[in-house]
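Engineer: Provided below for reference: sequence and predicted model.
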Amino acid sequence: MLKKELLEQMPNIDRSSFEPVYIQLVNILRSQIASGQFRPGERLPPESQLCGYHRVSPMTVRRAINILVQQGLVTTTQGRGTFVKPMELSRVTFGLDELQSMFGQNPQNKIKMLEVSIVRSDEVIASKLSLTPGDRVILIRRLITEESDPLFYHQEYLIYDPRRPVVEAEMEVTTLHGLFSGTGETSLKRGELVIEAAVLNETEAGLLLAPPMLPSFRLEHVFYDFDNRPVSWGFFLCRGDRLRFKATVGLDDQRRTKAGNE
């Protein structure tokens with residue numbers, strides 16, 4: 001049986017707050033899970049007790065519990081209740097926050113165009129863009145710098161259509177700056193990103209001011225239009241000592257759920 005004092009230790013719902021009641025309840029329960037008051041495997045207070053203590057409707061409690069389920073913090077079992085989930089490494093995901101900061105609104109970031117040319121596609125390029133080897137594509141090579149310090153080398157191939165001249169906006173369709181800032185090219189429906197380890201060849205190392213064979217991160221991308229046809233394929237290269245990825249395992253007690261961002 002759940003200890004009565006655990007329920008009584010819960011903060012009260014703030015009726016004067018602009019924050020929705022169900023969001024307040026989510027954060028109250030998150031806080032108690034984070035503090036260890038409810039440990040992995042333990043049962044949360046039943047719906048009836050939460051309703052009575054906080055003077056809220058069953059619908060409000062269910063909505064809060066559903067958000068905790070979506071966040072991977074609890075699991076519900078019919079007839080038994082809601083239980084705190086143990087930490088699962090299989091649920092760990094790595095965000096692109098550091099990439100976002102690199103590609104964000106930094107006035108020191110500059111894009112240096114190295115090459116724009118029309119070339120014949122080889123088998124690799126043709127397979128990525130659903131073309132026939134030998135078809136013409138637009139090759140774009142550029143260097144992204146911060147205060148003259150190279151951050152990324154970018155090489156991409158765009159579908160070539162002689163009836164549609166390439167304008168500057170199209171040449172910047174996959175710089176990722178617009179995608180991270182929410183101002184990207186609207187003709188794109190979706191994209192696929194793959195991050196893998198690589199080593200720099202002599203040309204790439206020279207552009208990134210690094211020794212050849214230095215370990216690096218390769219961010220490969222394919223972007224599609226609204227007809228699900230590939231528009232561009234390419235990759236970014238970043239020195240391995242300039243980028244790292246971080247993930248939090250388990251519950252981050254500094255994070256609060258906000259309305260509209262459940």
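Structural biologist: Looks like it arrived, so ask away.

Engineer: Residue 205 looks like it's in a helix, true?
Structural biologist: Yes - counting by DSSP: H, G, I helix; E, B strand; the rest coil, residue 205 is found in a helix.

Engineer: Let's verify the nearest residue to it once chain neighbours are set aside: helix, strand, or coil?
Structural biologist: Leaving aside its chain neighbours, residue 205 sits nearest to residue 212 (4.4 Å; criterion: CB to CB, 6 or more residues apart in numbering). (Each C-beta comes from the backbone N, C-alpha and C, glycine too.) Three-state assignment for residue 212 (three-state DSSP): coil.

Engineer: ok, residue 212 - how many residues close by?
Structural biologist: Using other CB atoms under 10 Å, residue 212 has 12 neighbouring residues.

Engineer: backbone phi and psi for it, please?
Structural biologist: Torsion angles at residue 212 (phi, psi; degrees, to the nearest 10) stand at phi -60, psi 150.

Engineer: what sits against the residue lying closest to residue 213 once chain neighbours are set aside?
Structural biologist: Take residue 213 and drop its neighbours on the chain: the residue closest to it by CB to CB, 6+ apart is residue 199, 4.9 Å away. With contact taken as CB atoms under 8 Å, 6 or more residues apart in numbering, residue 199 is in contact with 213, 214, 215, 216.

Engineer: Surely residue 75 is in a strand?
Structural biologist: Yes - checked against three-state DSSP, residue 75 lies within a strand.

Engineer: does it have beta-bridge partners, and which?
Structural biologist: Listed by DSSP bridges, the beta-bridge partners for residue 75 are residue 83.

Engineer: pretty sure it is in contact with residue 65, am I right?
Structural biologist: No - contact status for residue 75 versus residue 65: not in contact, 10.2 Å apart, counting by CB atoms under 8 Å.

Engineer: So for those two, which sits in the more crowded spot?
Structural biologist: Each of residue 75 and residue 65 has its neighbours counted (other CB under 10 Å); residue 65 has more, 22 against 13.

Engineer: That one contacts residue 73, correct?
Structural biologist: No - applying CB under 8 Å as the test, residue 65 and residue 73 come out as separate, 9.9 Å apart.

Engineer: quick one: the helices in the stretch 1-150 of the chain?
Structural biologist: Counting by DSSP state H, counting those that start in this stretch, one finds helices in the stretch 1-150 of the chain at the ranges 4-8, 21-34, 47-54, 58-70, 97-103, 123-128.

Engineer: Flag every buried residue along the second one.
Structural biologist: Residues of helix 21-34 classed as buried under the neighbour-count rule (16 or more other CB atoms under 10 Å) are 21-30, 32-34.
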